[in-house]
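Trainee: No letters, just coordinates:
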C-alpha cells in the first residue's frame, strides 16, 4: 500500500539487541525461536500461581494466568492464520506462504507472554502499586529521601521517572522482563526480536507522554528508553500500535470474556440457567441458528443425564460465543485495515466489531457475579495488605543509607532478601559488566529494584513472604 504509514517488511523485523547465534529456517523462524527460548523460563512458570480472576485457588479447575495465556496463544494463532491468508491476496509481502507463518508465530508467542509483567493479585495488584507510589511521592518521608540523594550528588527524579511508578503498568513490566530481567548471559535478558517486543508494547509511548498522563497507560519504563528507540528504528511503529497488537488484544478479550464466566459457574457464583435465558432473550434474533444448535446440546445434556450439567452447558456456550467473536474480529480487522496501517485506528477490534454488544453483555455478567463476589473482594483486600506492607518494608530498605553488603540491621537483612538476580542486573554498567556499586545506585534504579522484585512474585510467594516478615509464620 503506497499510502501506508506502517510497512510489513519492518513490522516483522526479526532483529534483536544482540544478534542470535542459532540458525533459523522457514520451518522455525525467529518468532518461533522467541517462543522456544521463553517457554522454559521461570517467568512463564510463575504464571501458574498468578490469579486470572480468583487468587490463591486450591482446586485445579479455575484458570491461572498460565492457563489463560495458553488459551490466548491458541486463539491468537488461529486468528492470525485467517488474517495472514487474507493478506496474501492484498499485500505483496505476504505472497510467500512462510511470511504468513511468521505472522502466526509472532502472534502466538506474543499471546503466550502478554501477562508476564502482571504483579501478584492481577490488575488489582497494579492499582495497589500505583496508589502506594502516588501517596509516597507526596509524603514528607519522600522529601527526606530526595534530600538525602541530592546531598549525595544524585539528580532528582524526573516527572517520567515518577510516572513509571505512579502509573505502574504490567505491560511495560512485561517488556522489562523479556528485555532485561529474564537473565541468561548478559544485560539483554531473553533477547527477544524487535517485532515481538513491539507487538507487546500495547501503549507505545513513555509515562511522561501526554497520552500516558490522560490514559494512565504507557508502554515502557524510562530504563528501557534506548530499547524503545531501537524498536522504533527497526519496526517503525512510533506511537502507533503494531497491527499485530490489535490481534493479540482481541485474542485476550475473547479468551477471558467467556472463560471468566465458566470459572464463575464452576465456583457456584454464576446462576447459569438464569443467566443463559437472559442472554438468549437478548441475542436469539441475531444468532437464531447458533442458539438452535446450542439448545440442542442443552437438551441432550438433560436427556443423557450428564453430570455437572450447568458446567457442560456453559462450556458449550463458551465455544459458541468464541466462534462468533473470532469471526467478528477477523472481519473488523479487514474493515479497518487501512486505518490500522496508517496508525489512525482508535479503539479495539472486538468493540469495533459486529459482536460488540455480545462482548459488553459478557463483561457485565463477569463484573456482576465474579469480580464482585465475596471471595474475590476478600482476597483482593488481602492482596492490598500484602503488597502495601511489602512495599513499605522493601522501599524503606533500599532508600536507606546503610551498608547493603552486611546483614546487621533490619534494612540490610531486607535488602539481602531481594532476588540476587535482580540485584545483579542493577550492578551492570552500559557495557553489561557488574561494575556498579549499590552505594552509587540512583534512587530511580533502587525503586525499580523493588518493583521488579515484588511484581515478579506469585500470589502464594507474596502471601508467604509477608507472613514470615510480620512474624505470623516461621521460615
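Mentor: Structure received. In this text, all values refer to a predicted model and were calculated from it rather than measured experimentally.
Trainee: Name the surrounding residues that touch stretch 304-321.
Mentor: Stretch 304-321 is contacted from outside by 257-259, 261-262, 265-266, 270, 272-273, 276, 279, 290, 293-294, 297-298, 300-302, 358, 362, using Cβ atoms under 8 Å, 6 or more residues apart in numbering. Every residue, glycine included, has its C-beta placed from N, CA and C.
Trainee: got the buried residues for stretch 453-463?
Mentor: Using 16 or more other Cβ atoms under 10 Å as the test for burial, stretch 453-463 gives 453, 454, 455, 456, 457, 458, 459, 462, 463.
Trainee: now stretch 312-325
Mentor: Going by neighbour count (16+ other Cβ under 10 Å), the buried part of stretch 312-325 is 312, 313, 314, 315, 316, 317, 318, 320, 321, 322, 324, 325.
Trainee: what do you get for stretch 160-180?
Mentor: Buried residues in stretch 160-180, counting neighbours by 16+ other Cβ under 10 Å, are found at 160-180.
Trainee: Equivalent analysis for stretch 267-286, please.
Mentor: 267, 269, 270, 272, 275, 276, 279, 283.
Trainee: Among the residues you listed, which one lies nearest to residue 233?
Mentor: Residue 233 has its nearest neighbour among these in residue 283, at 46.7 Å by Cβ to Cβ.
Trainee: Now do the closest residue to that closest one other than its chain neighbours against residue 443, distance only.
Mentor: Distances taken as Cβ to Cβ, 6 or more residues apart in numbering place residue 358 nearest to residue 283, at 6.4 Å, with adjacent residues excluded. Using Cβ to Cβ, to the nearest Å, residue 358 is found at 48 Å from residue 443.
Trainee: what residue lies at the spatial centre of this structure?
Mentor: In the chain, the residue lying closest to the centroid (Cα atoms, centre = their mean) is residue 115, at 2.8 Å.
Trainee: That one in helix, strand or coil?
Mentor: When classified by DSSP: H, G, I helix; E, B strand; the rest coil, residue 115 comes out as coil.
Trainee: Test my guess that it contacts residue 67.
Mentor: No: using Cβ atoms under 8 Å, residue 115 makes no contact with residue 67, being 11.1 Å away.
Trainee: if we can go back for a sec, what's near enough to touch the residue nearest to the centre of the chain?
Mentor: 47, 50, 65, 68, 69, 170, 174.
Trainee: repeat for residue 242
Mentor: Residue 242 sits in contact with 6, 11, 195, 198, 199, 201, 204, 235, where contact means Cβ under 8 Å, 6+ apart.
Trainee: would CSV of those residues with secondary structure be doable?
Mentor: Output for these, formatted as CSV (three-state DSSP):
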residue, secondary structure
6, coil
11, helix
195, helix
198, helix
199, helix
201, coil
204, coil
235, helix
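Trainee: Looking at those residues, which is nearest residue 330?
Mentor: Checking the contacts of residue 242 against residue 330 by Cβ to Cβ gives residue 199 as the nearest, at 17.6 Å.
Trainee: Check whether the closest one really touches residue 246, as I assumed.
Mentor: No: look at residue 199 against residue 246 with Cβ under 8 Å: they stay out of range, at 9.7 Å.
Trainee: Comparing the two, which residue is more hemmed in?
Mentor: Set residue 199 next to residue 246 and count neighbours by other Cβ atoms under 10 Å: residue 199 wins out with 29 against 25.
Trainee: For residue 131, see how far away that one is.
Mentor: Taken as Cβ to Cβ, the span from residue 199 to residue 131 is 30 Å.
Trainee: swap in residue 377?
Mentor: 17 Å.
Trainee: Show me which of these two is the more surrounded one.
Mentor: Using other Cβ under 10 Å, the more surrounded residue of residue 377 and residue 131 is residue 131, with 16 against 12.
Trainee: What's the biggest helix in this protein, counting residues?
Mentor: helix 309-335 (DSSP state H).
Trainee: Sketch out the helices for the stretch 1-150 of the chain, chain order is fine.
Mentor: For the stretch 1-150 of the chain, helices defined by DSSP state H, counting those that start in this stretch occupy the ranges 8-11, 30-38, 42-46, 65-88, 97-113, 122-137, 140-151.
Trainee: Ok, which of those helices comes nearest residue 353?
Mentor: Among the helices of the stretch 1-150 of the chain, the nearest to residue 353 by Cβ to Cβ is helix 65-88 (11.9 Å).
Trainee: and the closest one, how far from the chain's centre?
Mentor: 16 Å (Cα atoms, centre = their mean, to the nearest Å).
Trainee: Could you check it and say which residues are buried?
Mentor: Neighbour counts over helix 65-88 (16+ other Cβ under 10 Å) mark 65-73, 75-84, 86-87 as buried.
Trainee: what about this protein, any weak spots by pLDDT?
Mentor: Counting by pLDDT under 70, the chain shows low-confidence ranges at 1-4, 54-61, 402-407, 473-475.
Trainee: looking at it, which residue ends up farthest from its center?
Mentor: The chain, farthest from centre, Cα atoms, centre = their mean: residue 303 at 42.5 Å.
Trainee: tell me which strands and helices the helix or strand hosting residue 266 is in contact with?
Mentor: Here residue 266 sits within helix 243-267, counting by DSSP states H and E. Contacts defined by 3 or more Cβ pairs under 8 Å, 6 or more residues apart in numbering; DSSP states H and E place helix 243-267 against helix 65-88, helix 97-113, helix 194-200, helix 309-335, helix 337-341, helix 356-365.
Trainee: what about those, which gets the closest to residue 415?
Mentor: With Cβ to Cβ as the criterion, residue 415 lies closest to helix 65-88 of those, at 28.3 Å.
Trainee: Next, count neighbours for the residue nearest to residue 283.
Mentor: Residue 358, neighbours per other Cβ under 10 Å, totals 21.
Trainee: I figured it hits residue 326, correct?
Mentor: No: here residue 358 does not reach residue 326: they are 12.0 Å apart, not a contact under Cβ under 8 Å.
Trainee: which residues touch residue 329?
Mentor: Residue 329 neighbours (Cβ under 8 Å, 6+ apart): 79, 247, 250, 254, 349, 350, 353, 355.
Trainee: hmm, 7 Å instead?
Mentor: 79, 250, 349, 350, 353 (Cβ atoms under 7 Å, 6 or more residues apart in numbering).
Trainee: The second one contacts residue 352, correct?
Mentor: No: when contacts are counted by Cβ atoms under 7 Å, residue 250 is not listed as touching residue 352 (9.8 Å).
Trainee: who's more crowded, these two?
Mentor: Using other Cβ under 10 Å as the criterion, residue 250 and residue 352 rank with residue 250 on top: 27 against 19.
Trainee: Next, format the helices of the stretch 1-150 of the chain as a markdown table and append distance to residue 18.
Mentor: Rendered in a markdown table, the data for the helices of the stretch 1-150 of the chain read as follows (distance: least, Cβ to Cβ, whole Å):
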| stretch | distance to residue 18 |
| --- | --- |
| helix 8-11 | 20 |
| helix 30-38 | 12 |
| helix 42-46 | 18 |
| helix 65-88 | 25 |
| helix 97-113 | 18 |
| helix 122-137 | 30 |
| helix 140-151 | 32 |
